[in-house]
Structures are given as structure tokens and as C-alpha cells.
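Asks: quick one, structure for this:
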Amino acid sequence: MPLIEIAWFKSTQTYQNDHSLTAETAKRLIQLDGLHEIYFGFKHEDPTIAYVLNVWESYEHLEAANKHESFMDIFSTFQPAVEGTLQDITVITSDVPSLPKLKETLSAGITEIALAELQKGSEDLVPNLLEAIDAAEPMAGPSWGAVRGKAGEYVLIVGWASVEAHYESFKTGKVPEVAKWGAKTISNMRPSHVKFWKAA
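Replies: Predicted coordinates:
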């Protein structure tokens with residue numbers, strides 16, 4: 001199954017001023033077997049926080065890439081973008097059921113990435129939440145999946161025309177239905193809005 005790898009970190013002023021700083025990294029990374037697309041972006045709420053979203057053919061391809069003899073050399077070219085060390089980068093991975101929907105999400109005006117924890121005993125309500133998410137407009141290509149290696153944690157990725165459109169959506173249409181089921185199903189939700197561009 002396709003996999004997304006999402007990373008975020010405090011970026012340097014140099015990278016904030018010159019987004020081409022990571023172009024060489026993307027050019028070399030995309031040559032790794034099984035890496036289909038690379039997206040870079042910055043957090044709307046805090047533009048010093050940079051994001052990377054990689055689309056892999058499978059988790060096995062990501063594992064193989066991490067062991068590739070050239071990986072650390074390629075990864076080191078990313079250092080000028082990171083305020084701190086490469087160990088300060090937070091990374092999560094999640095399986096993605098639909099690549100077309102994911103591409104729709106990432107090409108939207110703004111992409112919401114929301115981490116959340118499943119409430120105890122709410123497993124049976126998840127289908128209701130997913131049904132509400134799929135039916136809600138103006139959400140673009142919503143994707144929902146478990147975070148690998150973190151029991152009970154999930155990530156929702158959804159595209160919006162703008163941050164303002166996201167907040168306005170709670171007033172009408174079917175988005176309030178998503179909020180209703182979300183309140184019954186998940187907790188500790190941590191949303192971020194990211195403006196992505198396709199790097200490779």
C-alpha cells in the first residue's frame with residue numbers, strides 16, 4: 001500500500017528566504033527506488049516550521065531507502081535548511097488508501113494536517129467519522145490513516161481552498177457532521193495548515 005512520510009522541523013532563516021535551498025536534496029532523493037513524489041512546504045500558523053511530505057510506493061521501499069548506501073549523504077544536503085541538527089526533525093509515516101485523493105489534497109490552496117488520538121472504546125464509531133469526512137464539502141481529497149509505530153494515533157490530511165474557507169466550513173454544509181463524529185471518536189487533535197509545493 002502507498003505510504004506517506006511527513007516530516008517537520010524548525011527551519012533556518014536562509015531556507016525561509018530561499019526555498020531553492022532544498023532543490024538539490026529533492027533532485028537526489030527522488031532517484032531512490034519507490035519514492036514517487038516529494039512536497040515541501042511551510043506552516044501557515046508559524047512560517048518558521050518547514051514540512052516535507054514524501055509519497056512512497058510502500059513502507060518496505062522507505063525501509064530499503066533508509067538503508068541505501070547513499071541515503072545519509074543525500075540527507076546531509078538538507079542540513080542548511082534545518083535550525084539545529086537533523087535529529088531535531090520529527091517524522092511520522094502512515095499508509096494512504098488513495099493516491100489520487102492525496103494528490104487532490106496536496107494541490108489544494110492549503111493542506112490541513114491534523115494529528116489526533118483515538119478515544120478509548122470509540123473504534124466502532126470510526127466508520128461513521130470516515131463516512132462523514134468523505135461526504136463533506138468543500139474538503140478536497142481527505143485521507144485518514146493510522147500513524148505507524150504510535151498506537152491509537154491517527155493523521156487526517158485534507159485540502160482546503162484557504163485557511164479561511166476551512167473555518168467558514170464549520171458554519172454550513174456537512175463539515176459540522178464531521179465535527180460531531182470527531183468529538184465522539186478522537187481527542188487531542190493538533191491541526192496545522194501547510195502550503196505545499198511539489199519539489200520532485
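
Asks: C-alpha from now on. contacts and neighbour counts both.
Replies: Fine.

Asks: ok now the top strand by length along the chain, how far from the chain's centre?
Replies: The longest strand of the chain (DSSP state E) is strand 186-198. Here strand 186-198 is found 7 Å from its chain centre; the criterion is Cα atoms, centre = their mean, to the nearest Å.

Asks: and the contacts of that strand?
Replies: By Cα atoms under 8 Å, 6 or more residues apart in numbering, the residues outside strand 186-198 that reach it are 37-45, 51, 106-107, 109-119, 122, 163.

Asks: average pLDDT across it?
Replies: The pLDDT scores in strand 186-198 average 96.

Asks: partner strands of that strand, with direction?
Replies: With DSSP bridges as the test, strand 186-198 is paired with strand 35-43 (antiparallel), strand 110-118 (antiparallel).

Asks: pull out the buried positions in the helix or strand of the chain with the lowest mean pLDDT.
Replies: Least confident helix or strand of the chain, by mean pLDDT, DSSP states H and E, is helix 126-135 with a mean of 85. Under the neighbour-count criterion of 16 or more other Cα atoms under 10 Å, helix 126-135 has V126, L129, L130, A132, I133, D134 buried.

Asks: tell me which other helices or strands it touches.
Replies: Under the contact criterion of 3 or more Cα pairs under 8 Å, 6 or more residues apart in numbering; DSSP states H and E, helix 126-135 touches strand 140-146, helix 175-185.

Asks: and those as TSV, adding mean neighbour count?
Replies: TSV is the format used below for these (neighbours: other Cα atoms under 10 Å):
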stretch	mean neighbour count
strand 140-146	21
helix 175-185	17
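
Asks: could you export those as CSV, including distance to K198?
Replies: As requested, these are exported to CSV (distance: least, Cα to Cα, whole Å):
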stretch, distance to K198
strand 140-146, 17
helix 175-185, 28
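
Asks: between these, which gets nearest to P80?
Replies: strand 140-146 (31.3 Å; Cα to Cα).
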